[in-house]
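1. what's the 3D shape of this:
(2 chains)
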Amino acid sequence: MYLVANIDVEICAAKSCKLCTQYCPEANTIQYSEDMGRDKGFKYGSAYVAVDRCKGCAQCVWVCDNMAKNNAIKMIMIDQLPLAAVTDNIRYEEKTTVAVLSDPMIVVGN
Amino acid sequence: MSLDYVKFSGGFEKFMPKEYRDMVEHGPFGKKISVSQMGSFKEILEEHPMCAGCAMTLFIRLAIIAFPNPEDTITVGTAGCGRLAISQAAIPFVYGNYGDQNGVASGLSRGLRLRFGDKPKDVVVMAGDGGTADIGFQQVLHSWFRKERFTTIMLDNEVYGNTGGQESGMTNRGAVLKMAPLGKKFEKMDMLQMAKVAGCAYVATVVPNNPRRVESVIKKAVLIAREVGSTYIQAYTSCNIEYAIPTDKVMEDAKTVENDRYQFTEYVSDEAKQYLTERYGYKDYLPKPAASAAAIPNKA
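-> All right, here's what the predicted structure looks like:
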């Protein structure tokens, strides 16, 4: 098993600084959704991780903890993630993305 | 070299992978995109084999987003880590022999001008410190002396990261590396000064811990290179493997190095300032208002 980043939607949707989307070294790995968070009654959307692309470097954790001071991102073993986004289930819209969450173990195939 | 190449070939749409379809339908081609929108559009850069947490990868990702017209851009590179990512982007990439990237880019840039006339076609060289300052040094300097109109970006990781950690001209004095166990005996090359002496119209240093600044610097460099002359950007992109930086501390290291020896500097020639102001509406280079200028003697 290996570690991937996991973003706490409740913390992220309250702040929505989007710093992690700009500091992740991998393209289209930390994505942003206007719906995620708002559908739970929060003010903003939330960032989320496409776990099949995450290389587990934890740079986003440092950025979230030290630059944004939100502490919303933690590294978690991929088989312990409840539901997660994967590239195949992400849809692009005009100015946002929509992700249908699924069990990462089925999609990633471990 | 136009929006036509980011389309599906007739009848093939349903056979293309999801990433390709997303690129055609939601990519940044023909749109104005900025780093603040990252995470909500399909990026030109795809998955690549570079190491986890590599700052060079982050810089390349930001740089490609910053290209003013990605559909009219060609990147040129050479051996080194950077080409592993640059070649995985949906813009044409030319892989030169080791060290000849600025020679290749000179010919390419001249050829594109002959073929397309005034229509801007941007050539951007992205090579490592070894390719730019050591092995490609002669061709880099000559392209600057000839005032070739393209952008040279040095991805300065201060080591030959791809071949096991030999010292490069850009390694700092005293640095001990796996393949330089006695420590480097000479100073780091001052490529910024050389770029200015050689007549570059725009010279800047940047560290990827400030995405907006990276975006602004790259945009200016590419725009100036369209008409005014050579432009040079030197970016600190640490090698977390050879310098043993834990991946989650890469940005902390970038910040430390920025404060220590890689402060943001920007040199813009007078001609380039005028060009940016008149052609692209940059207000930073307008003459300062008379009132503030008059206030200085009073203070004295």
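
2. From here on, just use CA atoms for contacts and neighbour counts.
-> Will do.

3. Quick check: end-to-end length of stretch B:23-42?
-> The straight-line separation of the ends of stretch B:23-42 (CA to CA, to the nearest Å) is 6 Å.

4. same deal with stretch B:168-180?
-> Across stretch B:168-180, the straight-line distance between its terminal residues is 10 Å, by CA to CA.

5. Show me which residues of that stretch are buried.
-> B:168-172, B:175-177, B:180 (16 or more other CA atoms under 10 Å in any protein chain shown).

6. What of stretch B:197-216?
-> Taking 16+ other CA under 10 Å as the basis for neighbour counts, the residues of stretch B:197-216 that come out buried are B:198-211, B:213-215.

7. Kindly identify which of these also come near chain A.
-> The subset of the buried residues of stretch B:197-216 within reach of chain A, counting by CA under 8 Å from any CA of the partner chain, consists of B:209, B:211.

8. Next, format the buried residues of stretch B:168-180 as CSV and append distance to chain A and pLDDT.
-> Rendered in CSV, the data for these read as follows (distance: CA to the nearest CA, whole Å; pLDDT from 0 to 100):
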residue, distance to chain A, pLDDT
B:168, 24, 96
B:169, 26, 96
B:170, 23, 96
B:171, 23, 96
B:172, 25, 96
B:175, 25, 95
B:176, 25, 96
B:177, 23, 95
B:180, 27, 94
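
9. tell me which of those is nearest to residue B:151?
-> Closest approach to residue B:151 among the buried residues of stretch B:168-180 (CA to CA): residue B:170, at 19.4 Å.

10. any chance of the buried residues of stretch B:168-180 in JSON lines, plus secondary structure?
-> Conversion of these to JSON lines gives the following (DSSP: H, G, I helix; E, B strand; the rest coil):
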{"residue": "B:168", "secondary structure": "coil"}
{"residue": "B:169", "secondary structure": "coil"}
{"residue": "B:170", "secondary structure": "coil"}
{"residue": "B:171", "secondary structure": "coil"}
{"residue": "B:172", "secondary structure": "coil"}
{"residue": "B:175", "secondary structure": "coil"}
{"residue": "B:176", "secondary structure": "coil"}
{"residue": "B:177", "secondary structure": "strand"}
{"residue": "B:180", "secondary structure": "strand"}
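
11. returning to what we had before: give me the subset of the buried residues of stretch B:197-216 lying in strands.
-> When the buried residues of stretch B:197-216 are checked against strands (DSSP state E), the matches are B:202-206.

12. ok, those vs chain A, which is closest?
-> Among these, residue B:206 lies closest to chain A (CA to the nearest CA), at 14.9 Å.

13. Pull the contacting residues for the closest one.
-> Shown in contact with residue B:206 (CA atoms under 8 Å, 6 or more residues apart in numbering or on different chains): B:213-214, B:217, B:233-236, B:262-265.

14. next SSE after the host helix or strand of residue B:138?
-> Assigning secondary structure by DSSP states H and E places residue B:138 in helix B:137-145. Sequence order places strand B:151-156 as the next helix or strand after helix B:137-145, per DSSP H and E.

15. what is the mean pLDDT for that next one?
-> Strand B:151-156 shows a mean pLDDT of 97 in the predicted model.

16. can you tell if it touches chain A?
-> No - looking at strand B:151-156 against chain A by CA under 8 Å from any CA, there are no contacts, and the closest approach is 14.5 Å.

17. Could you do stretch B:70-82 as well?
-> No - when contact is scored as CA under 8 Å from any CA, no part of stretch B:70-82 falls within range of chain A; the minimum is 12.7 Å.

18. Just the terminal-to-terminal distance for that stretch.
-> Using CA to CA, the gap from the first to the last residue of stretch B:70-82 comes to 18 Å.

19. Show the average pLDDT along that stretch.
-> If you average the per-residue pLDDT over stretch B:70-82, you get 94.

20. That stretch: how far from the chain's middle?
-> Between the mean C-alpha point of stretch B:70-82 and the mean C-alpha point of its chain there is a distance of 9 Å (CA atoms, centre = their mean, to the nearest Å).

21. What confidence value was assigned to the closest residue to chain A within the stretch 151-300 of chain B?
-> Nearest to chain A in the stretch 151-300 of chain B, going by CA to the nearest CA, is residue B:248, at a distance of 4.4 Å. What the model reports as pLDDT for residue B:248 is 94.

22. Ok, residue B:234 next?
-> At residue B:234, pLDDT is 97.

23. doesn't it fall inside a helix?
-> No - under three-state DSSP, residue B:234 sits outside any helix and is assigned strand.

24. residues contacting the residue most central in space within chain B?
-> Centroid check for chain B by CA atoms, centre = their mean gives residue B:153 as the closest residue, at 3.7 Å. Applying CA under 8 Å, 6+ apart, we find residue B:153 in contact with B:124-127, B:232-235.

25. repeat for residue A:94
-> For residue A:94, the residues meeting the contact criterion (CA under 8 Å, 6+ apart) are residue B:26.

26. Pull the residues that contact stretch A:55-62.
-> Outside stretch A:55-62, the residues that touch it by CA under 8 Å, 6+ apart are A:2-5, A:20, A:23-24, A:71-75, B:52-53, B:247-251.

27. Need the CA coordinates for the helix or strand containing residue B:115. PDB is fine.
-> With the criterion set as DSSP H and E, the secondary-structure element containing residue B:115 is helix B:101-116. Listed next in PDB are the C-alpha coordinates belonging to helix B:101-116 (Å, rounded to 0.1, in the frame of the first residue of the first chain):
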ATOM      1  CA  GLN B 101      19.000  23.300 -27.800                       C
ATOM      2  CA  ASN B 102      19.700  27.100 -28.400                       C
ATOM      3  CA  GLY B 103      21.100  26.300 -31.900                       C
ATOM      4  CA  VAL B 104      18.000  24.300 -32.700                       C
ATOM      5  CA  ALA B 105      15.800  27.000 -31.300                       C
ATOM      6  CA  SER B 106      17.600  29.700 -33.400                       C
ATOM      7  CA  GLY B 107      16.900  27.900 -36.600                       C
ATOM      8  CA  LEU B 108      13.300  27.000 -35.600                       C
ATOM      9  CA  SER B 109      12.500  30.500 -34.600                       C
ATOM     10  CA  ARG B 110      13.900  32.000 -37.800                       C
ATOM     11  CA  GLY B 111      12.100  29.300 -39.900                       C
ATOM     12  CA  LEU B 112       8.800  30.000 -38.200                       C
ATOM     13  CA  ARG B 113       9.100  33.800 -38.900                       C
ATOM     14  CA  LEU B 114       9.800  33.000 -42.600                       C
ATOM     15  CA  ARG B 115       6.800  30.700 -42.800                       C
ATOM     16  CA  PHE B 116       4.300  32.600 -40.700                       C
END
